[in-house]
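Asker: Sequence below, structure please.
(one chain, ligands or ions: 1)
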Amino acid sequence: MASPSPPDHKYPGIRIEGKRSTSPSSPGRRMTAARTFPPGALIATFTDPLVAIPAGPAAKHTCARCLSTAAAAAGTTLKACTGCRAVAYCGTACQRADWSGGGGGGAAHKAECRAFKRVRSKVQQDWLPTPVRALVQQLLRLDADADADAGGGGDAAREELGRLEGNVAGFRAGRVWKDLEMQALAGCTYAGWETSEENLRLAAELLCKIQTNSFDRSDPDVGQTGTFLDSTLAMVNHSCVPNAIVAFSGRKAFLRAEEEIKEGDEITISYIDYTKPKIFRQHGLELYHFECTCPRCKDDLDVYQVFQRSPLIPLNSFSFVPNTKKLRKTPIDSKVAQDPAFRAQIEKIYVACSPEARVAPEQRFANLCQQWQHCEPLVREQMWAVEPLANVFQQAISYFTEQGNFLHALAVECFVAIRSDPYKYAAPFKQWRLKGLLMIAKTITNTELPTGQAQGQAQVHPGVVAAFEKADLSSLYQAILLMTLKYGEQAHSDEWSILAEAKAMLEDIESLDQRKEASIILHEWADNPEHPLAQSFFRDRAVKPVEELAGFAIEIMKAEFGSGKALVRR
Ligand SMILES: C[S@@+](CC[C@H](N)C(=O)[O-])C[C@H]1O[C@@H](n2cnc3c(N)ncnc32)[C@H](O)[C@@H]1O
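Answerer: Down below sits the predicted model:
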């Protein structure tokens, strides 16, 4: 038996194994664990990406170096590069580091600045589509190699780019090849490369590699946009039942174990949203030119079946769904769920709802009514965690929030937190679950009970009003923040902006004298969830009110979106 390769010296937690693929049926190289990682553990941090750029026009309000949007969000104007005015910085330190490409694998702005001037003179535009900008940067890095060569040695970029998989034959045979050729032409032109056949072929191949190995680091909740490519992180293969996840903060990527990964196990992440029906996952994976054979795809498992097989269910004993026995018994009728005709119906519902389509604000209500009606078979079978129904709940939350009907938003948020999210994401520290919880905390602070007349006008469900009045909202709020802080690092990293937000919110509430006693018990619960007194306090003050509020969500959804008439008018 061949002995395993030594760990990568820069990343002692991982190994890269296998050989580059020679046929579309082979997955090529893979990343494996050099030691065992428990759920939530950090496997490696990647800090010098080849590409780390904001998406197209977002370059104006994102620092080109640290990729932070914080300054722009706080109303500070970023300092534009005086040479090209195409990129901007939050301060001189970032501008200096970017000028020389300092420390990272990415291109130096010194060279890119000239390229942007060319763009402006040719198309009177000061930004480039993200793949073209990523390509320009790589062509400029190859130029830098050639300059270093002239001085003797220097083919770091050539070697690093040469190692990446590009599935070039697959792209060449597909419908996006024409677009890649156009982008290659633009990239060569702006990088100042001759548009010879050889250069254009090389540029198109680089675009295939960028497409195959880049991450979309967009996160609308924290104002993050853009593309990230690291040549070692790029060795992680895909699974729709991944055991790891990648989170981004500025120019860093954190690879974390989602479930236990034993030494020698392959580390996998999902390249796509794995909660979609199979046919739409396959569509998303077309750009990667392989057929997924993970258990979710092989046996066409739905979210509930994947959940039931998850080793992470017991971790939920410290969560808003602490009764893990009950959690394991999913409410769906598996015979109906497995019926191929029903599966085909779900696919049709997904197409009819087109959950990824943008909807104009004035169309939102009508669109939600339509989607709710399309989802009737899923509602009937109580398949709340199955897409597109799970997404309809998210849209309803946004709709109620925009309408200022925070009580209805709260009921649906609580429903999602206990009836949908845990089945989609079995790990209680999953980012999406924590974000959902934090949304509940924020909605609580926004909610005011409707007074007599306003209550009549807004038609708020009286059950929700009663549950809200009865609840110990301060304890619920505090429990959510403590849970976010306890799980936040495992969900992302200590740099997760949501952690800072939760910390500030917790400090505020804990500074109140009247919260002293409850704070002691809740901290006891966070430190030792098994403590009987603290546990029963948590169940009474946090779990119960969430369950009660959630209990009205479906009635609200039916009344609001089933009738086709908006109940809330403001
Ligand atoms: C980001 S790269 C991953 C590293 C790649 N295996 C390599 O050797 O460079 C993505 C490419 O790896 C291959 N790949 C990733 N996951 C796969 C899987 N589950 N099955 C088959 N091929 C896979 C596909 O060719 C895909 O386009």
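Asker: Give me the spatial nearest neighbour of residue 183, chain neighbours excluded.
Answerer: residue 132 (5.2 Å; CB to CB, 6 or more residues apart in numbering). Just so you know, the C-beta spots here come from the backbone N, C-alpha and C atoms, and that holds for glycine as well.
Asker: If I look at the one you found, what pLDDT would I see?
Answerer: If you check residue 132, the pLDDT there is 94.
Asker: Please name the residues that touch residue 256.
Answerer: Residue 256 makes contacts with 40-43, 244-247, 490, 492, as judged by CB atoms under 8 Å, 6 or more residues apart in numbering.
Asker: ok, the residue nearest to residue 183 - contacts?
Answerer: Residue 132 touches 183, 186-187, 190, counting by CB under 8 Å, 6+ apart.
Asker: still on that earlier bit, from the contacts of residue 256, list the ones also adjacent to the ligand.
Answerer: Subset of the contacts of residue 256 in contact with the ligand: empty, counting by CB under 6 Å from any ligand atom.
Asker: one step back: looking at the contacts of residue 132, which one is closest to residue 429?
Answerer: residue 183 (38.6 Å; CB to CB).
Asker: Could you list every helix and strand that whichever strand or helix holds that closest one packs against?
Answerer: Per DSSP states H and E: residue 183 is located in helix 177-191. Judged by 3 or more CB pairs under 8 Å, 6 or more residues apart in numbering; DSSP states H and E, helix 177-191 is in contact with helix 109-123, helix 130-150, helix 197-213.
Asker: Make a markdown table from these and add distance to residue 78 to it.
Answerer: Listed next are those as a markdown table, based on distance: least, CB to CB, whole Å:
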| stretch | distance to residue 78 |
| --- | --- |
| helix 109-123 | 14 |
| helix 130-150 | 17 |
| helix 197-213 | 26 |
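Asker: Out of these, flag the one nearest the ligand.
Answerer: Nearest to the ligand among the helices and strands packed on helix 177-191 is helix 197-213 (4.5 Å), distances taken as CB to the nearest ligand atom.
Asker: Tell me the bridge partners for the residue nearest to the spatial centre of the chain.
Answerer: The C-alpha lying nearest the average C-alpha coordinate of the chain belongs to residue 219 (CA atoms, centre = their mean; 6.1 Å). Counting by DSSP bridges, residue 219 is bridged to residue 224.
Asker: so it sits right up against residue 246, yeah?
Answerer: No. Using CB atoms under 8 Å, residue 219 is not in contact with residue 246, being 11.7 Å away.
Asker: Spell out which residues of the protein are next to the ligand.
Answerer: 20-21, 27-29, 165, 167, 212-213, 234-235, 237-239, 288-290, 292.
Asker: Mind checking which of the residues you listed are in strands?
Answerer: 237-238 (DSSP state E).
Asker: Next, the buried residues of the helix or strand in which residue 96 is found.
Answerer: Assigned by DSSP H and E, residue 96 falls within helix 92-100. Counting neighbours by 16 or more other CB atoms under 10 Å, one finds that the buried residues in helix 92-100 are 94-95, 97-99.
Asker: With stretch 278-298 instead?
Answerer: 278, 280-281, 284-285, 287-290, 292, 294, 296-297.
Asker: do the same with stretch 327-342
Answerer: 327, 330, 332, 337, 342.
Asker: Now the terminal residues of that stretch, how far apart.
Answerer: 24 Å (CA to CA, to the nearest Å).
Asker: go on, stretch 69-85?
Answerer: Start and end residues of stretch 69-85 are separated by 17 Å (CA to CA).
Asker: Then stretch 413-429?
Answerer: 17 Å.
Asker: ok, residue 524 - contacts?
Answerer: By CB under 8 Å, 6+ apart, the neighbours of residue 524 are 531, 533-534.
Asker: Sticking with it, tell me its helix or strand.
Answerer: Short version: residue 524 belongs to helix 516-527, going by DSSP H and E.
Asker: Please apply the same query to residue 254.
Answerer: Using DSSP H and E, residue 254 falls in strand 252-257.
Asker: From the chain's centroid, how far away is that strand?
Answerer: 12 Å (CA atoms, centre = their mean, to the nearest Å).
Asker: Next: stretch 112-127.
Answerer: 32 Å.
Asker: How many neighbouring residues does residue 179 have?
Answerer: Neighbour count for residue 179, taken as other CB atoms under 10 Å: 13.
Asker: swap in residue 213?
Answerer: 23.
Asker: Quick check: chain neighbours aside, which residue is closest to it?
Answerer: Closest to residue 213 by CB to CB, 6+ apart is residue 234, at 3.8 Å.
Asker: What distance do you get for the residue nearest to residue 109 when sequence neighbours are not counted to residue 83?
Answerer: Leaving aside its sequence neighbours, residue 109 sits nearest to residue 98 (CB to CB, 6+ apart; 4.5 Å). From residue 98 across to residue 83, the span is 12 Å (CB to CB, to the nearest Å).
Asker: next one: residue 297
Answerer: Separation of residue 297 from residue 83 (CB to CB) stands at 49 Å.
Asker: what comes into contact with stretch 275-284?
Answerer: Counting by CB under 8 Å, 6+ apart, 240, 271-274, 291-292, 296-297, 300, 303, 343, 346-347, 350, 385, 387, 390, 424 sit against stretch 275-284.
Asker: Right, and the ligand sits closest to which residue of the chain?
Answerer: Using CB to the nearest ligand atom, the single residue of the chain nearest to the ligand is residue 28, 2.8 Å away.
Asker: Quick check: that residue touching residue 16?
Answerer: No. With contacts counted by CB under 8 Å, residue 28 stays clear of residue 16, the gap being 10.5 Å.
Asker: Do I have it right that residue 330 meets residue 310?
Answerer: No. The criterion here is CB under 8 Å, and residue 330 misses it with residue 310 at 11.6 Å.
Asker: Show me which positions of stretch 305-312 end up buried.
Answerer: Quick answer for stretch 305-312 (16+ other CB under 10 Å): 305-308, 310, 312.
Asker: Alright, I will stop here.
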